[in-house]
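Colleague: 3D model of this:
(2 chains)
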Amino acid sequence: MILSGRALSIGYPDRVVGRDLDVALEQGEVLALLGPNGCGKTTLLRTLLGLLPPKAGEVHLGDAALTALSLRDRARRIAYVPQSHVATFAFPVETVVLMGRTAHSGLFSRPSAHDRMVAAASLERFGIAALAQRPYTMISGGERQLVLLARALAQEPQFVVLDEPTASLDFGNQGKVMREIRTLAASGHGVLFTTHDPNHARRAADRAFLMRAGERLAVGPVAEVLTRERLEDLYRAPIDVVADAATGVSAFLPG
Amino acid sequence: MPRSFATGLLIAIAVLVAGLLFAFMVGRYPVDIGDLFTVLAAKIAGQSASVSPAAESVILQVRGPRVLAAVLVGGALAVAGTAFQGLFRNPLVSPDILGASSGAALGAVLGIYFSLGILAIQTLAFAGGLFAVAAVYLIGSAVGGRDPILVLVLTGVVIGALLGAGVGLVKYLADPYNQLPAMTFWLLGSLAAASPADLVPLFGPVALGTAVLVAMRWRMNVMSLPDEEARALGISTIPVRIAIVAAATLTTSASVATAGIIGWVGLVVPHLARSLVGPDFARLLPTAAILGGGFLLFIDTLARTLAPVEIPLGILTAVVGTPFFIWLLTSMQRTWS
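Modeller: The predicted structure is shown next:
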């Protein structure tokens, strides 16, 4: 299945943020969305999730228009991982992950044994089963991000959309989240994430989508799109490339 | 801190039972525990009890309706407060955040001003509460904006202020000797006039509203997340929010119509319940309902026994609630567990 937006104009009732955007995300691939602050990344994400109606164009999930699906049906296909936040209430981690089962049960129903099993398996998968009873407000930012990933997986979706999953994480957790993103794709999920770090896109993504001022600058395999010239153009700032001759690994540094 | 649901619920039930015993036994006419059980057992079995008629009358006619009303009103306010705190993602919210109390107050003082009967006053109060919240919701939704919750709360605040001005005007115009004391007494809350006839119109809406909220307890966890997140998890937030607001308003308006305005219960009890069983609404709602009933029983019993005259409930709950809340602020730091 493909999650796609065709000829999208995106924005809010009072203003247009971006126009003429074509995006496609296949199952099993990772697409990274890059661009300067305020370029419309989050707006595009929200539009693809169906949380914000496009001002023109249509978002499709397979052959069906996203607007033709109920919120419930969408949530069973696309999971959203928001930027990790401090919640108002100190729900136990297990309860947070169980919330991922919302779309699989009725308005008045309680989580079934199956729901609890899926939630537990999801916690297990991200190696945070030991946190199940801890309050969500009392764990670290990295752990919170993993909990939100576990919640997304508990939705049993085909696509996972993440908004800056590595923001405000320490170096180790950034790596961990990127590895989990790769694992999600390996298990057949289509993954779309935004990031401010081209190195993260290069590490975790198959393709990159560069966006500036609401317009698509480039899209394609990371090796082709993430070049110094393109990134300098994207961010309008000098960028250095450093390479390790021994391993062939290279990285971008803001100049 | 994770706590066992069973333990927390048991503590809440113990508070309610202690409150019941306290309320039945203490007062100008003390009742001993043996008489209490004899009378209640006889009443349930449909026989006449072998105790003094005075004791029987105190238990069944005088204190019985008042005790039941206190349990229902306390439970209702606590449930509504719990629901609104979750829905508005704010632990400082109380059941009257959307104007239920101010609407009911205006209805009631108008009823008193026009010298209507007690039933008409209660009906006006009930209708006033529902009408105020409906108006706030419609205006808030029409205004729209990116943060519907914040708009709703702000609309509630301004409409509440307008209704408060209306109450002030009616009080200003009222007869200072006959009507003003009745209005003041009503605005401060009291169960002194609770009669068996009050229990049916109180029980119906409270039971219905509470049943709806308890049935949606799992969804309420998700509703306490930011709106977009809840929608991405598959919840149609608008109809669910309307259902929660309607159910909580129903219980609040019914309690206010019976007992007047009793502040603090809906604010403080949800916190107490949360400290017992945690924030999961599936556990929190039943615990808060039971604890709220027990809490108001204690307050009401103190109200009628502390002084030669009845102390209005709103004053006692404020005296108890304020220091409690300050303690809460200092002990909870920045998270609300």
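
Colleague: CA only for contacts and neighbour counts going forward, please
Modeller: Fine.

Colleague: residue contacts, residue A:197?
Modeller: Residue A:197 makes contacts with residue A:34, as judged by Cα atoms under 8 Å, 6 or more residues apart in numbering or on different chains.

Colleague: pLDDT at residue A:143, what is it?
Modeller: Looking at residue A:143, its pLDDT reads 91.

Colleague: those strands in the chain, which residues are they?
Modeller: Defaulting to chain A. A:2-12, A:15-26, A:30-34, A:56-61, A:64-65, A:78-81, A:159-162, A:190-195, A:207-212, A:215-221, A:239-243, A:250-254 (DSSP state E).

Colleague: ah, I was thinking of chain B
Modeller: Counting by DSSP E, chain B forms no strands at all.

Colleague: hmm, back to that, out of the strands of chain A, which comes closest to chain B?
Modeller: strand A:78-81 (6.2 Å; Cα to the nearest Cα).

Colleague: strands paired with that closest one, and their directions?
Modeller: Its sheet considered, strand A:78-81 pairs with strand A:159-162 (parallel) by DSSP bridges.

Colleague: other residues contacting the partner strand?
Modeller: Counting by Cα under 8 Å, 6+ apart, A:3, A:27, A:45, A:49, A:77-83, A:152, A:189-194 sit against strand A:159-162.

Colleague: near chain A, which residues of chain B?
Modeller: Chain B has residues B:1-2, B:89-90, B:215-219, B:221-222, B:224-225, B:228-229, B:231-236, B:278-280, B:335-337 near chain A, with proximity defined as Cα under 8 Å from any Cα of the partner chain.

Colleague: quick check: longest helix of chain A.
Modeller: Of all segments of type helix in chain A, defined using DSSP state H, the longest is helix A:171-186.

Colleague: next, the angle from that helix to strand A:30-34.
Modeller: For helix A:171-186 against strand A:30-34, the angle by axes from the mean of the first three to the mean of the last three Cα atoms, to 10 degrees is 130 degrees.

Colleague: please state the offset of helix A:171-186 from the chain centre?
Modeller: In terms of Cα atoms, centre = their mean, to the nearest Å, the centre of helix A:171-186 is found 12 Å from the chain centre.

Colleague: equivalent analysis for stretch A:166-177, please.
Modeller: Centre-to-centre, stretch A:166-177 and its host chain are 14 Å apart (Cα atoms, centre = their mean).

Colleague: end-to-end on that stretch?
Modeller: Stretch A:166-177 has an end-to-end distance of 7 Å (Cα to Cα, to the nearest Å).

Colleague: buried stuff in it?
Modeller: Using 16 or more other Cα atoms under 10 Å in any protein chain shown as the test for burial, stretch A:166-177 gives A:166-167, A:169, A:173-177.

Colleague: please apply the same query to stretch B:184-198.
Modeller: Buried residues in stretch B:184-198 (16+ other Cα under 10 Å): B:185-192, B:194-195, B:198.

Colleague: now the residues of chain B next to chain A: which count as buried?
Modeller: Here, 16+ other Cα under 10 Å leaves B:2, B:89, B:215-219, B:221-222, B:224-225, B:228-229, B:231-236, B:278-280, B:336-337 buried among those.

Colleague: show me what contacts whatever residue of the stretch 151-300 of chain B ends up closest to chain A?
Modeller: Checking the stretch 151-300 of chain B residue by residue against chain A with Cα to the nearest Cα singles out residue B:234 as nearest, at 4.0 Å. Applying Cα under 8 Å, 6+ apart to residue B:234 gives the contacts A:71-76, A:102-103.

Colleague: show me which of the residues you listed neighbour chain B.
Modeller: Checking these against chain B (Cα under 8 Å from any Cα), the matches are A:71-76, A:102-103.

Colleague: just the buried residues from those residues, in ChimeraX please.
Modeller: Selecting only the buried entries of those in ChimeraX, with 16+ other Cα under 10 Å as the criterion:
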select /A:71,72,74,75,76,102,103
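
Colleague: now tabulate the strands of chain A in a markdown table and tack on mean pLDDT and mean neighbour count.
Modeller: Output for these, formatted as a markdown table (pLDDT from 0 to 100; neighbours: other Cα atoms under 10 Å in any protein chain shown):
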| stretch | mean pLDDT | mean neighbour count |
| --- | --- | --- |
| strand A:2-12 | 93 | 20 |
| strand A:15-26 | 92 | 17 |
| strand A:30-34 | 96 | 26 |
| strand A:56-61 | 94 | 20 |
| strand A:64-65 | 92 | 12 |
| strand A:78-81 | 96 | 27 |
| strand A:159-162 | 96 | 26 |
| strand A:190-195 | 96 | 25 |
| strand A:207-212 | 95 | 23 |
| strand A:215-221 | 93 | 16 |
| strand A:239-243 | 91 | 13 |
| strand A:250-254 | 90 | 14 |
